[in-house]
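# My questions are about this predicted structure, shown below with the sequence.
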Amino acid sequence: MLGLIKTWRELEAKGIMGINRRNADYVLKYNKRSLYPLVDDKILTKERAIAAGIQVPEMYGIIETEKGISKLHQLLEGHKDFVIKPAQGAGGDGIIVIADRFEGRYKTVSGKLMSHDELEHQVSNILTGLYSLGGARDRALIEYRVTPDPIFKSISYEGVPDIRIIVLMGYPIMAMLRLPTRQSGGKANLHQGAIGVGVDLATGITLKGTWLNDKISKHPDTENPVDGVQLPHWQNFMELAASCYELCGLGYIGVDMVLDQELGPLILELNARPGLNIQIANNAGLTHRAHAIEEHLQQLKLTGTQESPQQRINLAQSLFDTNHEL
Amino acid sequence: MRALNLHLKILITLLVGLGALITGYQIFVLNIPLTEHEVDNLWNIDAKVEFQAKTNEPVKLQMFAPPAEQNHVILNESFISNNYGVSINKLDNNRRITWSARRASGKQTLYYRLVASSRYNLEEGKAKGPVYRESIAVDGVEKIAAEALLASIRQNSADVETFVTEAIKKVNNRNDDNAKLLLRGDYSSTKKAEVIELVLSIAHVPIQRMHTIRLESSSNQEPELWLRSFNGKKWLYFNPQTGEQGMPKDRLVWWYGDEPAFNLEGGLNPQISFSINKNEINAMRLAQLSSDASSHFLDYSLYALPFAEQQNYHIMLMIPVGVLIILILRNIGGLQTLGTFTPVLIALAFRETQLVFGIVLFTLITALGLSLRSYLEHLKLQMLPRLSVVLTFVVILFACISLFSHKLGLERGLSVTLFPMVILTMTIERLSITWEERGGNNAFKVAIGTLFAASLAYFLMSSVQLSYFIFTFPGTLLIMTGFMLAMGRYRGYRLTELFRFKAFLKD
């Protein structure tokens, strides 16, 4: 019992945010319920982003009805590789990634061949809500296939690594690189066994990582150290993340982005209830950082000014510079 | 935000304050018992009158019955008397029963039975009584003796109370010649009371006799004589034998005044005897029986509902308790459960199946249902048809279990009724959705958490004491609501998070 109280005190001193605090002070306070569909539906998010001129993987088409499935041929014409996903899917289920075509068939990333009929059946499954939350009818989204930048080759196992930045009222407060492992089956989902690696907001250099609530410093599959990697286009990532506040209106979000070999940073999706393991990856608490931003917002309110995304990035980078913070 | 916090604090204070006030009022003012098992003594007092009837003469027996206004409450009274007409009438402070018959012969036995208890009575209203009386005329030696007594009493007393006490002491003093003379060798209570009355009357202090029954199991008790005097504010009670002041709690006043317990016309050799025995009664039942203030309150409580309805509310009022448990387990403990309400519903279902059998049944059927679900996954069915198949399968399983257990002669299996079945199918549906969304591992964790929470909720919800307490003191629900509201702003860590974030402390 005493040990638990001690743990509690120490966590509090480090500013570690718990679920109750995240829900009460941030999710409930800054995220309006009516705006949730905007982030829950990947198509809506993408449409907003395109309208705002924010880089996202190019959308090839949407299939909304069973009748629309016959259009699939037409939509895929001219695209050698592409991704089909359910608009409201969760946990990466129901996603088909086609890497190539082979004698009238489709070849998935793992090398499996699929006929066009099989592909149509899969789309039909998506439409009936097989992969959507609660089984509601869904839409299928066909989009550009991201090719991860080769920089991740040494510290990633299959799949596409992604970068998550937590954004409070437009201010990036913490960042993490998520690397798929053999255990996570190529998915960049921490719950399924992917690694989270902290990223210094000021420089974009990776820190140590977390794997299943533990701290680690090497990738379990490639055995290469995960820290000290400079992420390219870091300022670009920060700009994308900061601009998402204007995009969706939610005050506390996790912005998930990827680094494409040719197109650079792209926004994949937004999350209105970002997880808390990012704190272990960064070895830092969210509460202190969030409080610093909230204090700053109070002062801005007094003077009646509003800051541009670039100003917000500058502030976040000066406040949360790991090299000077520790 | 700050205004919102203040608003919440005021609301919580209001709810908790109101709840505590209502509950406190019920407990301390209305004296409603805290537990159902609290018992009160219930006294059965039989007054038996026997006499020989004179032939061919009408019989009329008048007997005093205990007055209603006193420390004890009369729950029930009955008269056992063949061929007699009975009437009760009020007479000053007293009540008098009149038995009458046109004709009777031989030995007659009449019973008056009284059931009394000592609780659930509020303070009597403003007392009234005489403060002055005329002196009783005496002369000769007795007058001198009485006046001599009075002189020494006056010296040693300050007010009515000490005056009467002193008088009783003097009369009881065997070495006092004046008292001896007045008593004339008769040391019975009756004679002493007479002398005390005489002495006090000279000082114009009125005194009244009262006849009491001692509440203890006994088969033949004589009413005990007490005296009382009004000091202008309240009645003071004295024992003429001992000078003891204040009536003990175990006395029941049978009648006031100088008259005998009964008088008989048309009969011979009357005899009266009192027998008393004790019963224990559930305190709540007693409160319902008696017709005083706390039972007026009960008229507006859940006890006023029809019995079947009460039974339902006994169960329903426990639902907030269950929800509260789940709330604590989830938000403070960090336990993962299927939603908030499902564990409570499962706990309710356990009421019908019993805990151990319920857990076995739930585990078995959920496991079978989920394995069917994962088999169906291979067939690539859509969600709705797949769930329909699972639910149908569950119903078939239930039917099989009931049939087998019936054939094997196990009654338990038959207790699977509609309610647990609905809850179970719902659980399987929700669990398979969790499985789909968050993986089998998570679904397993959630299932164990749900079962644990449900068992804990079941234990609390099936507690008879707790159920009684909340049913009797619904104000506690307001206190609970206050707590729930406060929980809505709880920002502290969950217990599991202390383990989850342990990595931070390993530096």
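Structure received. Numbering: from 1, shown residues only, chains lettered A, B, ... in the order given.

# Is B:Gly322 within a helix or a strand, and which one?
Element membership of B:Gly322 [criterion: DSSP states H and E] is helix B:318-327.

# As CSV, could you dump the C-alpha coordinates of that helix?
Only the C-alpha atoms of helix B:318-327 are listed here, as CSV (Å, rounded to 0.1, in the frame of the first residue of the first chain):
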residue,chain,number,x,y,z
MET,B,318,-29.7,-2.0,-5.3
ILE,B,319,-28.9,-1.2,-8.9
PRO,B,320,-27.3,2.2,-8.0
VAL,B,321,-25.1,0.3,-5.5
GLY,B,322,-24.0,-2.0,-8.2
VAL,B,323,-23.3,0.8,-10.6
LEU,B,324,-21.3,2.6,-7.9
ILE,B,325,-19.2,-0.5,-7.4
ILE,B,326,-18.5,-0.7,-11.1
LEU,B,327,-17.7,3.0,-11.2
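
# ok, and does that helix reach over to chain A?
No. Using C-beta under 8 Å from any C-beta of the partner chain, helix B:318-327 stays clear of chain A, with a minimum separation of 11.6 Å. Yep, even glycine has a C-beta here, placed from its N, CA and C like the rest.

# Pull out the buried positions in that helix.
Within helix B:318-327, the residues that qualify as buried by neighbour count (16 or more other C-beta atoms under 10 Å in any protein chain shown) are B:Met318, B:Ile319, B:Pro320, B:Val321, B:Gly322, B:Val323, B:Leu324, B:Ile325, B:Ile326, B:Leu327.

# Distance of the nearest residue to the last one once chain neighbours are set aside relative to B:Leu384?
Right, B:Leu327. Spatial nearest neighbour of B:Leu327, chain neighbours left out: B:Met487 (5.8 Å); criterion: C-beta to C-beta, 6 or more residues apart in numbering or on different chains. As for B:Met487, its distance to B:Leu384 is 36 Å (criterion: C-beta to C-beta, to the nearest Å).

# between the two, who's got more neighbours?
Neighbours per residue (other C-beta atoms under 10 Å in any protein chain shown) separate B:Met487 from B:Leu384, with B:Met487 holding more: 15 against 11.

# any weak-confidence spans in the chain?
In the absence of a named chain, chain A is used. A:91, A:133-135, A:323-326 (pLDDT under 70).

# Not quite, go with chain B.
By pLDDT under 70, the weakly predicted segments of chain B are B:1-3, B:36-40, B:118-127, B:280-300, B:380, B:382-383, B:409-417, B:437, B:506-507.

# show me the contacts for the residue most central in space within chain A.
In chain A, the residue lying closest to the centroid (C-alpha atoms, centre = their mean) is A:Asp256, at 1.8 Å. When contacts are counted by C-beta atoms under 8 Å, 6 or more residues apart in numbering or on different chains, A:Asp256 touches A:Asp162, A:Ile163, A:Arg164, A:Ile267, A:Leu268, A:Glu269, A:Leu270, A:Asn271.

# repeat that with 6 Å
Shown in contact with A:Asp256 (C-beta atoms under 6 Å, 6 or more residues apart in numbering or on different chains): A:Asp162, A:Arg164, A:Leu268, A:Glu269.

# Which strand or helix spans the residue nearest to it when sequence neighbours are not counted?
Leaving aside its chain neighbours, A:Asp256 sits nearest to A:Leu268 (4.6 Å; criterion: C-beta to C-beta, 6+ apart). Applying DSSP H and E as the criterion places A:Leu268 in strand A:264-271.

# In its sheet, which strands sit next to that strand, and in what direction?
If you go by DSSP bridges, strand A:264-271 pairs up with strand A:252-260 (antiparallel).

# distance between the partner strand and the chain's centre?
Mean C-alpha position of strand A:252-260 versus that of the full chain (C-alpha atoms, centre = their mean, to the nearest Å) differs by 4 Å.

# And stretch A:110-129, by the same measure?
Centroid displacement of stretch A:110-129 relative to its chain, using C-alpha atoms, centre = their mean, is 25 Å.

# Next, see if it gets close to chain B.
Yes. Against chain B, stretch A:110-129 shows contacts by C-beta under 6 Å from any C-beta of the partner chain at A:Thr128.

# Name the residues of that stretch that are buried.
Buried residues in stretch A:110-129 (16+ other C-beta under 10 Å): A:Met114, A:Leu119, A:Glu120, A:Gln122, A:Val123, A:Asn125, A:Ile126, A:Leu127, A:Thr128, A:Gly129.

# For the stretch 1-150 of chain A, which segments count as helices?
A:2-14, A:19-21, A:28-30, A:36-40, A:42-52, A:72-76, A:116-127 (DSSP state H, counting those that start in this stretch).

# Give me the next element, helix or strand, following the one helix or strand B:Thr476 maps to.
If you go by DSSP H and E, B:Thr476 is part of helix B:475-487. Downstream of helix B:475-487, the first helix or strand assigned by DSSP H and E is helix B:495-500.

# now check that following helix, is it near chain A?
Yes. Using C-beta under 6 Å from any C-beta, we find that helix B:495-500 touches chain A at B:Glu497, B:Leu498, B:Arg500.

# Using PDB, write down the CA coordinates of that helix.
Extracted as PDB, the C-alpha positions of helix B:495-500 are listed here (Å, rounded to 0.1, in the frame of the first residue of the first chain):
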ATOM      1  CA  LEU B 495      -4.700   1.600  -9.700                       C
ATOM      2  CA  THR B 496      -3.600  -0.300 -12.800                       C
ATOM      3  CA  GLU B 497      -1.900   2.800 -14.100                       C
ATOM      4  CA  LEU B 498       0.500   2.700 -11.200                       C
ATOM      5  CA  PHE B 499       1.700  -0.600 -12.600                       C
ATOM      6  CA  ARG B 500       1.400   0.400 -16.200                       C
END
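
# Now tell me what touches that helix from outside.
A:Leu4, A:Thr7, A:Gly18, A:Asn213, B:Gly333, B:Gly334.

# what's near enough to touch the fifth one?
Applying C-beta under 6 Å, 6+ apart, we find B:Gly333 in contact with B:Leu495.

# ok, 7 Å please
Shown in contact with B:Gly333 (C-beta atoms under 7 Å, 6 or more residues apart in numbering or on different chains): B:Arg494, B:Leu495.

# thinking again about what came up before, beta partners of the residue nearest to the centre of chain A?
A:Arg164, A:Glu269.

# Quick check: residues of chain B near chain A?
Taking C-beta under 7 Å from any C-beta of the partner chain as the criterion, the neighbours of chain A within chain B are B:331, B:382-384, B:433, B:437-438, B:489-494, B:497-498, B:500-501, B:503-506.
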